[in-house]
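**Q** model the following, please.
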Amino acid sequence: MTDVRDTDMMGAEVLDESLWKIRMRLLWRSFKRNWALFSQSKMGVVGVVIVGFFGFLAILHPILMATAWKGQEAIYDPVIGADSVIVEKTVVTEVTDPSTEMSFTEAMITGEFFPEEGMIIEVPIAPAPPNAKHLLGTDPFGRDIFSQLMFGARAAFILGVIAATSAVVLATVVGSVAAYYGGWMDTWLMRQADLILLLPLLPLLIVIGSFWEIGLWQLGILIGILSGLGATAIILKSQALSVKVKPFNDAARVAGGGNRHIIVRHIIPNVLPLSFLFMMFEVTGAIFLEATLSFFGLLSIPMSWGIMINTSHTQGYTLFGLRAWWLLFPAGLAVTLFAAGFFLIGRAMDVVVNPRLRTR
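**A** Reported below is the predicted structural model:
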């Protein structure tokens with residue numbers, strides 16, 4: 001004879017499984033609808049392509065280190081690797097092409113005490129321009145620029161995810177709580193946000209970096225806290241206020257839902273679309289801040305795009321112009337494109353989040 005409790009448990013399990021399938025089906029339908037709206041924006045598609053390209057570089061680096069560059073860490077390691085590219089130069093009386101010719105004085109400096117005109121001398125150079133072995137050349141210390149660029153992409157993604165996630169989580173919670181409770185809670189949280197807005201973010205981080213050692217994780221959390229408790233919290237509070245007055249909150253309260261239930265199950269989920277939009281912009285700000293702080297030498301991280309620019313600057317190649325373009329352009333262009341990619345994605349997501357923009 002079948003136990004009634006066993007039958008009830010089996011029925012509950014079937015119901016839970018059905019609900020799970022329904023939720024997944026609704027999520028998938030919502031994703032397809034939002035992607036159709038997002039893909040209508042050419043800016044968004046371009047942003048996805050740019051971010052995807054840097055994601056490919058970030059994944060490619062450990063693969064190359066484990067396959068094509070395996071056993072050559074002394075050459076291709078982005079931090080400690082070094083390689084002297086050998087260039088053949090001809091000794092001439094008057095140098096017209098410094099890349100292939102050298103004077104008698106330069107020949108004597110290399111160790112050839114009795115140079116003759118027309119003599120070919122092998123000279124190790126660093127930084128070296130792009131060649132078959134180093135696709136983007138080497139820096140003043142002989143390190144591979146392409147390897148550094150790929151390693152920097154991974155650092156940029158890590159920083160962006162940490163900063164954006166922590167900022168949006170804090171801002172969403174603070175904005176929702178302030179909007180729901182109002183009163184002294186709202187006043188306290190918003191005055192705290194105003195105080196953070198009064199502090200200039202970059203100079204504050206420079207001061208903190210001067211006194212304490214800041215790594216990638218610490219920088220991401222710092223940016224997240226300062227951004228999440230500041231302007232982003234104020235903007236998301238405005239969105240939460242419009243959600244607070246919706247009828248479904250009153251229905252949940254009548255059904256016995258407490259304050260935490262209403263905030264977690266009704267207000268925050270309706271604020272999240274706008275939160276994801278601001279997450280894209282937080283990544284952009286975090287990348288620029290990291291590049292600036294690395295340029296000043298205030299971060300304790302092994303390698304990043306900002307450190308690449310800092311190395312070129314401290315070694316005296318900033319004012320070389322196009323003569324040493326591979327030292328500045330790859331890293332500078334990477335910072336600009338990576339930040340622009342997330343900015344374009346954010347602009348396209350605005351169409352998904354804001355229905356009024358869809359009729360344009």
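**Q** hey, let's count contacts and neighbours off CA atoms from now on
**A** Will do.
**Q** domain-wise, how is the chain divided?
**A** In terms of domains, the chain is parsed into 44-64+143-359, 85-125 (source: automatic domain parsing).
**Q** would you reformat these as a markdown table and include distance to residue 29, mean pLDDT and mean neighbour count?
**A** Listed next are the domains of the chain as a markdown table, based on distance: least, C-alpha to C-alpha, whole Å; pLDDT from 0 to 100; neighbours: other C-alpha atoms under 10 Å:
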| stretch | distance to residue 29 | mean pLDDT | mean neighbour count |
| --- | --- | --- | --- |
| domain 44-64+143-359 | 14 | 85 | 19 |
| domain 85-125 | 56 | 76 | 15 |
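**Q** compare those domains and give me the one nearest residue 135.
**A** Minimum separation from residue 135 across the domains of the chain (C-alpha to C-alpha) falls at domain 44-64+143-359, 6.5 Å.
**Q** so what touches stretch 172-192?
**A** Around stretch 172-192, the neighbours that count as contacts under C-alpha atoms under 8 Å, 6 or more residues apart in numbering are 229-230, 233-238, 240-241, 244, 263, 267-268, 271-272, 275.
**Q** and what of stretch 220-230?
**A** 159-160, 162-171, 174, 192-194, 196-197, 201, 282, 286.
**Q** possible to save the domains of the chain as CSV with distance to residue 134?
**A** Shown next, in CSV, are the domains of the chain (distance: least, C-alpha to C-alpha, whole Å):
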stretch, distance to residue 134
domain 44-64+143-359, 6
domain 85-125, 9
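**Q** can you give me the helices for the stretch 201-350 of the chain?
**A** If you assign secondary structure with DSSP state H, counting those that start in this stretch, the helices in the stretch 201-350 of the chain sit at 201-211, 216-228, 231-244, 247-254, 259-262, 268-295, 305-314, 329-353.
**Q** wait, I meant the stretch 51-200 of the chain
**A** With DSSP H, counting those that start in this stretch as the criterion, the stretch 51-200 of the chain has helices at 73-76, 104-109, 145-181, 183-198.
**Q** if we can go back for a sec, for the helices of the stretch 201-350 of the chain, give me JSON lines that also has distance to residue 155.
**A** Conversion of the helices of the stretch 201-350 of the chain to JSON lines gives the following (distance: least, C-alpha to C-alpha, whole Å):
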{"stretch": "helix 201-211", "distance to residue 155": "18"}
{"stretch": "helix 216-228", "distance to residue 155": "8"}
{"stretch": "helix 231-244", "distance to residue 155": "24"}
{"stretch": "helix 247-254", "distance to residue 155": "42"}
{"stretch": "helix 259-262", "distance to residue 155": "37"}
{"stretch": "helix 268-295", "distance to residue 155": "10"}
{"stretch": "helix 305-314", "distance to residue 155": "9"}
{"stretch": "helix 329-353", "distance to residue 155": "12"}
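**Q** the helices of the stretch 51-200 of the chain: which one's closest to residue 219?
**A** Closest among those, using C-alpha to C-alpha: helix 145-181, at 7.6 Å.
**Q** who touches residue 61 in this structure?
**A** When contacts are counted by C-alpha under 8 Å, 6+ apart, residue 61 touches 147, 150-151.
**Q** what segments of the stretch 1-150 of the chain are strands?
**A** Applying DSSP state E, counting those that start in this stretch to the stretch 1-150 of the chain gives strands spanning 85-91, 101-102, 120-125.
**Q** nearest to residue 352, out of those?
**A** Among the strands of the stretch 1-150 of the chain, the nearest to residue 352 by C-alpha to C-alpha is strand 85-91 (51.2 Å).
**Q** I'd like to know which elements that closest one is packed against.
**A** Under the contact definition 3 or more C-alpha pairs under 8 Å, 6 or more residues apart in numbering; DSSP states H and E, strand 85-91 sits against strand 101-102, strand 120-125.
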